[in-house]
Structure formats: structure tokens, C-alpha cells
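S.K.: need coordinates for the following:
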Amino acid sequence: MTAKAPAILWRPEVLERVRALQLRARAAAAGLGVGLRRSIRVGQAVEFADYKPYMPGDSLRDLDWRVLARRDRLVVRRYRAETEMGATLVLDASADLGSTPAKWEQALGLLATVAWVLHLENEPVGLTVVAGEGMAVPVLRARRGRGQLARIFATLASVQPAGRAGLREALSQVGARAHRRGLVVVVGDFMESPETWTPALDALVRRRADVRAAQVYDRDEIGLAFAQPLRLYSPEGGSDEALDPVAMRAGVREEATRFFGEVRGALRNRRGVHVLAEAHADLTDLVAAVLAGREAGEP
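M.R.: Residues are numbered from 1 along each chain as shown. The predicted structure follows:
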């Protein structure tokens, strides 16, 4: 019995957003080389499978010289993946991520493109949405195929930022069901103290998961690009704050830089990779950093 795509996919406004996400994901993925796309497999564990006779063109590195010495014949070692990689994408759809439209769209575009590339590489991919509202299915287990990709795009197109993330609980649940040595990509603004959620990464570390986190921010927001005094509030609650943006601009930037560095350090300590994703940055560059598993952006 095959799973059906969520009914919400058929709402006209959601369909339109699905099409927009597909176009953006395809355009961003087109800028990636095939070699980079396939780099997501690097580091995947392999185990010996069997031998085959050496044929011209086979890699000399795979020759078994011990067999040659004992039996005077050339054979090549063949390997198979210890496990299929399996990927879990995690979206922190809490209200703060929607504080500017650019942050929200960048987060959706990044996840949609990574899902598209994984689909092209025939990797099982799943999606977990933390907080947010309007979804038909907040958790999609990792599967292959066009139907699964359609479900992921439908969920991303229908979710709206709302509520609080609760990253510790969410990452603990992801860790309990993630593939051993699988890929876990987390996208959000990480506006929670790292000490509250980094312990939840321990289960992923034990499974030797490859954790890559993209922290999305808007340079205009942290730069307080306003000329007049104003009142600010958090979409996730708390009291309003009156401030003079010109007087506080340097201090806010300094605090944001400190926080970005704190998140990066917390991820490094648990073998994770941190990509600082500015909301107006080139999407292809951000996806390339996530797929290559390399840190990007200056904290």
C-alpha cells in the first residue's frame, strides 16, 4: 500500500508555492557540479563484499596483492555500503524564523534544494518540522521516490512559522530514529541557548550521524537598519523593548556575532558542521556548503 500525498497539496495557494519551490530548487541545484552533488556520499562506511577478476581499466588501488602472491592471479576487491545513507531534514519553523520574509524563504529554499539533490542521487530522505502550523504531516520518514519528494515539497509549501521550537525534544526524537551514519540537516535560526539543545545531539553522535546545521539570519535585522526609534518584540513572546537603533547598532551586531560563534562552537564539540546562512546570500553557495559538509559564513 503506497502512502498518499497530503490532501493539503491540492489547495491552489499551496500548489503555487510548491511550483515556486521546485523552480528555485532546480535553479539552485543546476549551479552545483555532479561531483559536489555526489560528495554527500563521502565518508559513508563500506565493508568488503567479494572479489572479481581484474579487468583492464579497474583501479590498481583495489588489487589484492596478497591473493596475487599466494595464487598468482589478479583480483579486485569489491565493497558495498555498510548502510544506505538515509537523510533527515529538520526545519525549525518557530515564529522567530518568520520575523522577516527573507529568513523564512531562504530556509525553505535551502531545504527544498537539498531534498531535490538527495532525490537526484536516489537517497532516502525524510522531513521533520519543529513547531509551525498548517502542515498535514509534520514528520515524514525517510523514503525514496517522486511521491516522497512531492510530500516534502507540499509540507514545506504549506507550513507557516509559529510557536516555539523546543529543539532539544525535537532533536532527541530525530536521534532516536535517524539512520546509523545517516545525514541530518537542520535549518533554523537556533534562537535558543545552545546548552539547552546540544545534549540532544548525543544520540546522533552515538549513531555516528553526519550533522549539518544551517543557521539563518537577516543582516538587516541584526544590523538594525532603521533610522528612527522603534519598539521591537519577539514573535515567540516576551515584552516589547523600546530602543534607538542607531545608538544600539554596534552592540547588537557584536552580540549577534558572539551568539553565532557560540552555536558554531557547540556544534563543533559534537562533530557537527555549522553553516551561517544569511537571508540574502546566494542559495547555491549555501547548498554547496551544506552538501560538502564545510563550515561557511563568518560568525
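
S.K.: C-alpha from now on. contacts and neighbour counts both.
M.R.: Will do.

S.K.: touching, Val130 and Ala95? I think so.
M.R.: No: in this structure Val130 lies outside contact range of Ala95 using Cα atoms under 8 Å: 10.7 Å.

S.K.: of these two, which one has the most company?
M.R.: Neighbour tally, Val130 and Ala95, criterion other Cα atoms under 10 Å: the higher count belongs to Val130, 24 against 21.

S.K.: gap between the residue nearest to the more buried one when sequence neighbours are not counted and Gln215?
M.R.: With Cα to Cα, 6 or more residues apart in numbering as the measure, Asp92 is the residue that lies nearest to Val130, at 4.9 Å, once sequence neighbours are left out. When distance is defined by Cα to Cα, to the nearest Å, Asp92 is 10 Å away from Gln215.

S.K.: shared neighbours, those two?
M.R.: With contacts defined as Cα atoms under 8 Å, 6 or more residues apart in numbering, the residues adjacent to both Asp92 and Gln215 are 187-190.

S.K.: number of residues surrounding Arg66?
M.R.: Arg66: 12 neighbours (other Cα under 10 Å).

S.K.: so what touches the helix or strand that contains it?
M.R.: When secondary structure is defined using DSSP states H and E, the element that contains Arg66 is helix 65-71. Around helix 65-71, the neighbours that count as contacts under Cα under 8 Å, 6+ apart are 73-75.

S.K.: same check on stretch 169-188?
M.R.: Under the criterion Cα under 8 Å, 6+ apart, external residues in contact with stretch 169-188 comprise 44-45, 83-93, 97, 107, 111, 128, 130, 197, 200-201, 203-204, 207-216, 290.

S.K.: among these, which ones are buried?
M.R.: 84-93, 97, 107, 111, 128, 130, 197, 200-201, 203-204, 207-216, 290 (16 or more other Cα atoms under 10 Å).

S.K.: where are the low-confidence patches of this structure?
M.R.: Of all residues in the chain, those with pLDDT under 70 make up the ranges 1-10, 34-51, 57-58, 78-85, 223-251.

S.K.: in it, which spans are strands?
M.R.: Assigned strands in the chain, in chain order: 46-53, 75-81, 87-92, 125-130, 139-143, 183-188, 210-217, 230-232, 241-243, 273-278 (criterion: DSSP state E).

S.K.: would you turn these into a markdown table with distance to Ala69?
M.R.: Putting those into a markdown table (distance: least, Cα to Cα, whole Å) gives the following:
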| stretch | distance to Ala69 |
| --- | --- |
| strand 46-53 | 15 |
| strand 75-81 | 11 |
| strand 87-92 | 42 |
| strand 125-130 | 45 |
| strand 139-143 | 45 |
| strand 183-188 | 40 |
| strand 210-217 | 39 |
| strand 230-232 | 75 |
| strand 241-243 | 78 |
| strand 273-278 | 44 |
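
S.K.: nearest to Ala296, out of these?
M.R.: strand 273-278 (4.7 Å; Cα to Cα).

S.K.: pull the CA atoms of the closest one into CSV?
M.R.: Provided in CSV are the C-alpha atoms of strand 273-278 (Å, rounded to 0.1, in the frame of the first residue of the first chain):
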residue,chain,number,x,y,z
VAL,A,273,29.1,21.4,10.8
HIS,A,274,27.8,24.9,11.1
VAL,A,275,26.8,27.0,8.0
LEU,A,276,25.9,30.6,8.7
ALA,A,277,23.2,31.3,6.1
GLU,A,278,22.5,35.0,5.5
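
S.K.: can you give me the angle that strand makes with strand 210-217?
M.R.: Angle of strand 273-278 versus strand 210-217, following axes from the mean of the first three to the mean of the last three Cα atoms, to 10 degrees, is 20 degrees.

S.K.: now Arg141. Nearest residue, chain neighbours left out?
M.R.: With Cα to Cα, 6+ apart as the criterion, Arg141 has its nearest non-adjacent residue at 4.8 Å, and that residue is Gly126.

S.K.: now do the contacts for the one you found.
M.R.: Taking Cα under 8 Å, 6+ apart as the criterion, Gly126 is in contact with 87-89, 139-143, 148, 152.

S.K.: from Ala87, how far out is it?
M.R.: Here Gly126 is placed at a distance of 6 Å from Ala87 (Cα to Cα).

S.K.: understood, closing this out.
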